[in-house]
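# sequence first, predicted coordinates after that:
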Amino acid sequence: MIRAPLPWLWQVPARRPTAAGRDSMPCSREARDRLIQGKCGVSQQAPQDTCTGIRSGSPAKWHMASSTDNVAKLRVELESIQPLIWRRVAVPTSMKLNQLHHVVQAAMGWLDRHLWMLTAGDRSYGVFIPGEDDWNERIDDAETTTLATILSGGLKEFSYLYDFGDSWQHRIIVENVKPAEQQTSYPEFLGGERRCPPEDCGGIPGYYDFLDKIATKRGKKRKAALDWYGGPYDPDDIDEQQIVINLKRIATKSIK
């Protein structure tokens, strides 16, 4: 069951900092919708169990490491939430940044419905949107930039922002870079804790409010929250089996 967005969500201005210190709306609602339904994610009408950024007809060409590739071990942390929500993955450094976006989506459990941006040092990366010149001028192309490129200067940490409305800010820590192991498929899931928040719940305040409601003994509030979510929600269950399946799909796409 698809969860309906909260009706007031898009009334909140979503602003982004840039390297030049400017803040602006990243693009119009209509442009975001085009991006969501096209290059960046799945349709809002897609079944919930397929909304992980892993879909047939995806424009991304996945890459699987060969024995000569380097692999980066990354720890992804969702900022400003306690207890900490985190994942650890290993990915080939030859992976394009738009492909890394899909890995983060699959590992975290997001549904890939919204605009995103990756920032490394003083540069921001994303996917270009036709007709949105202001947005396109402020980002570099994630589809032509590899992870190795942004790590070449010794970068140890970068950020990933998902959904400019709810503003889910992730810190990505580069734990190490080593040669790929033979007989290992990448991307590889290496661990994590706690389920990611529901999509379109209203950011961090809305997430905490949702947790309060599903934990309450007042049955009507709890039922209403879970009905909105579309089923049971266990904040401690990351559904590791599904994460592994989705990452294996990425690896499989690379060798077709």
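Thanks, I have it.

# Thr119 against Gly126, yeah?
No. Using CB atoms under 8 Å, Thr119 makes no contact with Gly126, being 9.5 Å away. To be clear about C-beta, it is placed using only N, CA and C from the backbone, and glycine gets the same treatment.

# which one's more surrounded, those two?
A count of neighbours by other CB atoms under 10 Å puts Gly126 above the other of Thr119 and Gly126, at 25 against 21.

# wait, that one touches Thr145, no?
No. If you go by CB under 8 Å, Gly126 and Thr145 don't touch, sitting 10.3 Å apart.

# can you give me the helices in the chain?
With DSSP state H as the criterion, the chain has helices at 29-37, 97-108, 133-138, 147-151, 203-215, 219-229, 240-254.

# ranking these by burial, who's on top?
Burial of the helices of the chain is given as mean neighbour count (mean count of other CB atoms under 10 Å); helix 97-108 ranks first at a mean of 25.

# okay, Ala251: pLDDT?
pLDDT, Ala251: 79.

# nearest spatial neighbour of it, skipping sequence neighbours?
Distances taken as CB to CB, 6 or more residues apart in numbering put Ser185 closest to Ala251, at 4.1 Å, once the chain neighbours are dropped.

# give me the distance between Ile81 and Met108.
Taking CB to CB, to the nearest Å as the measure, Ile81 falls 12 Å from Met108.

# coming back round to it: ok, now how distant is the residue nearest to Ala251 from Ser94?
For Ser185, the distance to Ser94 equals 15 Å [CB to CB].

# those two: which is more packed in?
Using other CB under 10 Å as the criterion, Ser185 and Ser94 rank with Ser94 on top: 20 against 17.

# what sits against Tyr162?
Neighbour list for Tyr162: 104-105, 110, 114, 116, 168, 170 [criterion: CB atoms under 8 Å, 6 or more residues apart in numbering].

# how about a cut-off of 10 Å?
Tyr162 is in contact with 78, 101, 104-105, 108, 110, 112-118, 168-170, 196, 199, counting by CB atoms under 10 Å, 6 or more residues apart in numbering.

# can you check Phe189 too?
Residues in contact with Phe189 (CB under 10 Å, 6+ apart) are 87-90, 103, 106-107, 238, 240, 243-248.

# again, only this time at 7 Å
Phe189 sits next to 89, 107, 243-244, 247 when contact means CB atoms under 7 Å, 6 or more residues apart in numbering.

# dump these to a markdown table, plus pLDDT and distance to Phe164.
Shown next, in a markdown table, are the contacts of Phe189 (pLDDT from 0 to 100; distance: CB to CB, whole Å):
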| residue | pLDDT | distance to Phe164 |
| --- | --- | --- |
| Val89 | 98 | 24 |
| Ala107 | 98 | 21 |
| Ile243 | 97 | 25 |
| Val244 | 96 | 29 |
| Leu247 | 94 | 26 |
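
# now those as TSV including distance to Ile214?
Shown next, in TSV, are the contacts of Phe189 (distance: CB to CB, whole Å):
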residue	distance to Ile214
Val89	28
Ala107	23
Ile243	22
Val244	26
Leu247	28
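
# quick check, nearest of these to Asp133?
Within these, proximity to Asp133 (CB to CB) peaks at Ala107, which comes in at 32.7 Å.

# my guess is the closest one contacts Val91. True?
No. The pair Ala107 and Val91 fails to qualify as a contact (CB atoms under 7 Å) at a distance of 9.7 Å.

# tell me the pLDDT at the most centrally placed residue in the chain?
The centre of the chain sits closest to Gln105, judged by CA atoms, centre = their mean, with a distance of 3.5 Å. For Gln105, the pLDDT comes out at 97.

# what of Lys217?
Looking at Lys217, its pLDDT stands at 83.

# same deal with Ala20?
Predicted confidence (pLDDT) at Ala20: the value is 33.

# ok, Gln182 next?
Reported pLDDT for Gln182: 86.

# next one: the one 5 residues further on
Here the pLDDT value assigned to Pro187 is 96.

# how many neighbours does it have?
Residues within reach of Pro187, counting by other CB under 10 Å, total 29.

# for it, grab phi and psi.
Backbone geometry at Pro187, expressed as degrees, to the nearest 10, gives phi -70, psi 150.

# all set, thanks.
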